[in-house]
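Asks: Sequence and predicted structure below; questions after.
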Amino acid sequence: MRWFVFFGFLLVWVSLCVCVDRSNFKTCEQSGFCKRHRKFATAQDAAEADGANQYQVDPASIATDDNGLSAALVDAATGKRLSLRLARVATVTGRTFRLKINEFADEAKRPRFEPAPGDSLVADVAEAPVAIDNKQLDGNLYVLEAKDGAKSDAAKAKAVLQLKPFRVDCLLNDRPLISVNSKSRLMWEFHQQKPDDSADNSDGLYDEEFKGHRDAKPHGSSSVGMDVAFPGFEHVYGIPEHADSLALRSTAGGEPYRLYNLDVFEYELNNPMALYGSVPLVYAHSANNTAGAFWHNPSETWVDVQSSKSSGGGLSALLTSFVKSASPSEALTETHWMSESGVIDLFLLLSDTPLGAFRQYASLTGTTPLPPIFSIAYHQCRWNYNDETDVLEVDRNFDENDIPYDVIWLDIEHTDGKRYFTWDSNKFPNPQGMLDKLNAKGRQLVTVVDPHIKRDDNWALYQRVRDGDIAVKSHKDDGLYDGWCWPGSSVWPDFIDPAVRKWWANEFKDYVAAYTWNDMGEPSVFNGPEVTMHKDAKHHNGWEHREVHNLYGALVHQASWDGQLVKSPQRRPFVLTRAFFAGSQRTAAVWTGDNAANWDHLKASVPMVLSLSITGITFSGADVGGFFGNTDPELLVRWYQAGSLQPFFRAHAHLDTRRREPWLLDAQYKEAIRSAILLRYTLLPYLYTQFYLSARDGRPVMAPLWVYYPKDEATFSMDDQHLLGPDLLFKPVTEAGATSLSVYLPKDSIWYRHDTWEGFGGGQTVSLSVSLTTMSLFYRAGGIVARRDRPRRSSAAMRRDPITLVVLLGGRDRRASGHLYLDDGYSLEHKTSSAYLHCRFNYADGSLTNTLVHSSPAYADADRIKVERLIFVGVRTRPKSVVLPDGGVGEFTYTEQSRLLVIRRPNLPVAKAWTVRLMDASASGHDEL
């Protein structure tokens, strides 16, 4: 009977795969706390003048210290009190403030959940000194100003606390960038149980039901909410994951953006529905500044967004008396955050530029560690490769068709009856032997390990879960929480418990597999409410699932990452996850989930990955080809072209789709796909270097144009093209039968097409003719791009290959610069022994120099790697000669029409400093482009 029921659920799941049924997922009106907060916001807007329902800071409670102040917030209507802490945070720029609101511990009926240091935040956040002034306006304002010296960048940042009504404004250079609670929407629901059956429960205050699932709410409701506004900003971005535009839309009159990790099958596009992961971080950007708000809360969260013109940019009358005033009708974007539980822990980021804001956020939640180089190459996956013979046949066909790849993936069917950490011995009788054959070619294997555990009393791993107090509990009887997933009846390890995460990590020690794919970590529960875990399920220390939901999947992949280090302590881990939260970038790459094989989903992949990239998830991508449905050859080609220039590059397909490996297509399509993959391998040195730079400071590998062109307002709403690092610009073809493509080239740069080296001035839209093989990739003048122009079967086979440097000239100063980072590509010795090479190349006044930022004899391969070719683009006159570092004369060709200078076989060691001189080359003057 149990299996009959399970297959019933499975049939429902398969039917959902045809197209998502939105009725299975809540709207705000169906979510009690969202409905209550929106109703409260409407009432506050109507009653703003009388101040009856406004929080105020009790002046007598204020206690100042070196880093900020603490105080009591009092609800003017009820007299209830909250604890407030406002302080400056010691981020890399010093321009971050933290506002934290909670209940006083001795007054709370029940503690509120906060993620532990190391969960989402990289560590316990240190505070930084401020100078405090409360003499403004009879003491109703407290001004916190950075105390780092008058000339420091941090000294330009201020936080202004208004006592009555409570409000916080953050300023940079005396210009307000963020206003908190300016609409008095601070709402706090204190835990309270239902007093009696006659109590009003119309808004789900004491219990809720959805689609036959009852949420008992044994502690009552405990939601929190507040408004955060961005005066002077028209465009805001972030709060992934949604299949929508990069720039957030106004939600007035519609649904708020929802952050609630859910397994949504073949998700709809262009709406704010919740998807697989959540990062509660929003950025506002204008030509002058970038500001961010990180709402550090892992419970279900809804976010309303509204942009408008406002008198004075929404500033309070008190604030306008001593800061730079906004224009009479300045832009104003307001956001309203509503979370089901937890505390208000709000980080406010102030910056002149996007990259500065990203550095601040990276200081809080960490960066993506430098991944193993195979993981940024090409991955081949489907649900499922059938057996060892199938895997090795796919591997052989890549070689026979001269198409490189690095990783083959195995989905759930490789296991023994969906028991993870096992192999089906009939299909895979010798998994270690299969893995050894792949490794011999420099290739890797990734297997899926999902976080649900099959209930099987005869399986040793389940016995350990059952008997070891490891699993999530039911609220009803403290028994094991039971739900349905791929194995049928399943239980879920309680990853909120650090001891359980350690147990999970140790399970990898004897598992015959190299790298890990964590799917279904939302968690996905086929027979649960909204296909996830019941909110009243019980976790470690008695926390309810509602309090930790969005954090669960992040702790799954964190434990899997640790498991790979248990198994191989000297090897860099690689984990892919679908579920994520703030901080996930430290231990996983992310893919955008179960997309569909159609042109609209291809188009949507660009803004989805961009949204992830700017919110810290810099290692991300979309399934090439689309997971659900059969793709036609043209669409598949275009998807490979798009995916080849995204950070994570993997083809994947559903069990029921036709096989679509590249060699199964007609020759013209196969060759177009091969060309896209070859381009990826050619650019691996540049991409690897960008990942290294991202690991240092949190910059996105794939970025919207406004990140590097923050004053070019034409880019602010653009999300159909993107940058890879600062030097490559790409726009994929996302329309069937396209014969032309319009590409915008940002201002203040000259751009060169990668296939013809034709140059274009910036600040214009150019129309290009496109064929099936066209990839509209541009190089930026002023950059130096490192390539390897001898693609081989895998990245490992290329690791000692020579380098080609592309030097892009143009503009007034005709200078260029770029980086190259190299190491062994797989170990942790770049961290433990500083075994790496970092070069900085500069071109100016006819000389190209290599400066060693870092070198180490511990990186033995460095001395074997040479620069085999120099390509100078935009050279206006033929040089008389090229002088190499040893005084010899270099062999070169010059093409006047394309202004291309190619120096062949200079044999320059990357591990030594050197200079190459172009004698009598044009080195000054304004380029007519």
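Replies: That came in fine, so what should we check first?
Asks: Show me the chain divided up by domain.
Replies: Split into domains by the TED database, the chain comes to 22-202+220-261+276-324+331-352, 373-448+499-521+546-685, 713-919.
Asks: how far does the longest one sit from the chain's center?
Replies: Spelled out, that is domain 22-202+220-261+276-324+331-352. The chain centre lies 22 Å from the centre of domain 22-202+220-261+276-324+331-352; the measure is C-alpha atoms, centre = their mean, to the nearest Å.
Asks: Give me the phi and psi for the residue nearest to R674 when sequence neighbours are not counted.
Replies: Nearest residue to R674 in three dimensions, chain neighbours excluded: I403, at 5.1 Å (C-beta to C-beta, 6 or more residues apart in numbering). For every residue, glycine as well, the C-beta is placed using N, CA and C. The phi and psi values for I403, taken as degrees, to the nearest 10, are phi -120, psi 120.
Asks: Quick check, pLDDT for I403.
Replies: What the model reports as pLDDT for I403 is 98.
Asks: Quick check, it in contact with L664.
Replies: No - counting by C-beta atoms under 8 Å, no contact exists between I403 and L664, whose distance comes to 11.9 Å.
Asks: Which one of those two is surrounded by more residues?
Replies: I403 (23 against 12; other C-beta atoms under 10 Å).
Asks: What residues does that one make contact with?
Replies: 662-663, 673-674, 677 (C-beta atoms under 8 Å, 6 or more residues apart in numbering).
Asks: what about 6 Å?
Replies: 662, 674, 677 (C-beta atoms under 6 Å, 6 or more residues apart in numbering).
Asks: Which member of those residues is positioned nearest A159?
Replies: Distance to A159, by C-beta to C-beta, is smallest for I677 among the contacts of I403, at 49.9 Å.
Asks: what's the helix or strand for that closest one?
Replies: helix 667-682 (DSSP states H and E).
Asks: Can you tell me the element the most centrally placed residue in the chain falls in?
Replies: The C-alpha lying nearest the average C-alpha coordinate of the chain belongs to I617 (C-alpha atoms, centre = their mean; 1.9 Å). For I617, there is no host helix or strand (DSSP H and E).
Asks: quick one, phi/psi of it?
Replies: The phi and psi torsions at I617 (degrees, to the nearest 10) take the values phi -80, psi 70.
Asks: picking that back up, buried subset of the contacts of I403?
Replies: 662, 674, 677 (16 or more other C-beta atoms under 10 Å).
Asks: beta partners of the residue lying closest to the last one once chain neighbours are set aside?
Replies: Read it as I677. In space, and not counting its chain neighbours, I677 is closest to Y378: 5.3 Å by C-beta to C-beta, 6+ apart. Y378 forms beta bridges with F649, as assigned by DSSP bridges.
Asks: So what's the residue count around Y378?
Replies: Neighbourhood size, Y378 [other C-beta under 10 Å]: 25.
Asks: Contacts only, for it.
Replies: By C-beta under 6 Å, 6+ apart, the contact set of Y378 is 405, 649, 677.
Asks: all helices for this protein, in order.
Replies: Taking DSSP state H as the criterion, the chain carries its helices at 2-18, 32-46, 354-365, 388-400, 431-439, 460-467, 498-506, 545-567, 599-614, 633-643, 667-682, 684-697, 705-708, 829-832.
Asks: Now render the ones you listed as JSON lines, adding mean pLDDT and distance to S847.
Replies: Below are the helices of the chain laid out as JSON lines (pLDDT from 0 to 100; distance: least, C-beta to C-beta, whole Å):
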{"stretch": "helix 2-18", "mean pLDDT": "44", "distance to S847": "60"}
{"stretch": "helix 32-46", "mean pLDDT": "95", "distance to S847": "62"}
{"stretch": "helix 354-365", "mean pLDDT": "98", "distance to S847": "28"}
{"stretch": "helix 388-400", "mean pLDDT": "98", "distance to S847": "43"}
{"stretch": "helix 431-439", "mean pLDDT": "98", "distance to S847": "44"}
{"stretch": "helix 460-467", "mean pLDDT": "97", "distance to S847": "63"}
{"stretch": "helix 498-506", "mean pLDDT": "98", "distance to S847": "52"}
{"stretch": "helix 545-567", "mean pLDDT": "98", "distance to S847": "45"}
{"stretch": "helix 599-614", "mean pLDDT": "98", "distance to S847": "35"}
{"stretch": "helix 633-643", "mean pLDDT": "98", "distance to S847": "37"}
{"stretch": "helix 667-682", "mean pLDDT": "98", "distance to S847": "26"}
{"stretch": "helix 684-697", "mean pLDDT": "98", "distance to S847": "22"}
{"stretch": "helix 705-708", "mean pLDDT": "98", "distance to S847": "26"}
{"stretch": "helix 829-832", "mean pLDDT": "97", "distance to S847": "30"}
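Asks: Can you check which of those gets nearest to V264?
Replies: When these are compared (using C-beta to C-beta), the closest one is helix 2-18, at 8.9 Å.
Asks: Quick check: the gap between F649 and L246.
Replies: Counting by C-beta to C-beta, to the nearest Å, the separation of F649 from L246 is 20 Å.
Asks: typed the wrong thing, it's L745
Replies: Taken as C-beta to C-beta, the span from L745 to L246 is 19 Å.
Asks: same deal with Q162?
Replies: From Q162 over to L246 the distance is 33 Å, taken as C-beta to C-beta.
Asks: what sits against Q360?
Replies: 91, 93, 96, 349.
Asks: Among those residues, which one lies nearest to V609?
Replies: Taking the contacts of Q360 together and measuring to V609 by C-beta to C-beta, the closest member is L349, at 21.9 Å.
Asks: now the closest one, nearest residue through space, not along the chain?
Replies: G292 (3.6 Å).
Asks: and that neighbour, bridged to which residues?
Replies: Y283, L349.
Asks: how near is it to L693?
Replies: 20 Å.
Asks: Which of the two has more residues huddled nearby?
Replies: G292 (28 against 18).
Asks: Please verify my assumption that that one contacts H285.
Replies: No - G292 is not in contact with H285 according to C-beta atoms under 6 Å; the separation is 9.4 Å.
Asks: got the buried residues for stretch 540-558?
Replies: 540, 543-558.
Asks: how far is that stretch from where the chain is centred?
Replies: 19 Å.
Asks: go on, stretch 866-882?
Replies: With C-alpha atoms, centre = their mean as the basis, the mean position of stretch 866-882 lies at 38 Å from the chain mean.
Asks: who does I803 bridge with?
Replies: Under the criterion used (DSSP bridges), I803 bridges to V867.
Asks: Read off the pLDDT value for it.
Replies: I803 is assigned a predicted lDDT (pLDDT) of 98.
Asks: Tell me how many other residues crowd it.
Replies: 20.
Asks: cool, and the one 4 residues further on?
Replies: V807: 27 surrounding residues under other C-beta under 10 Å.
Asks: got it, and L852?
Replies: Using other C-beta under 10 Å as the criterion, L852 is surrounded by 15 other residues.
Asks: Thank you, goodbye.
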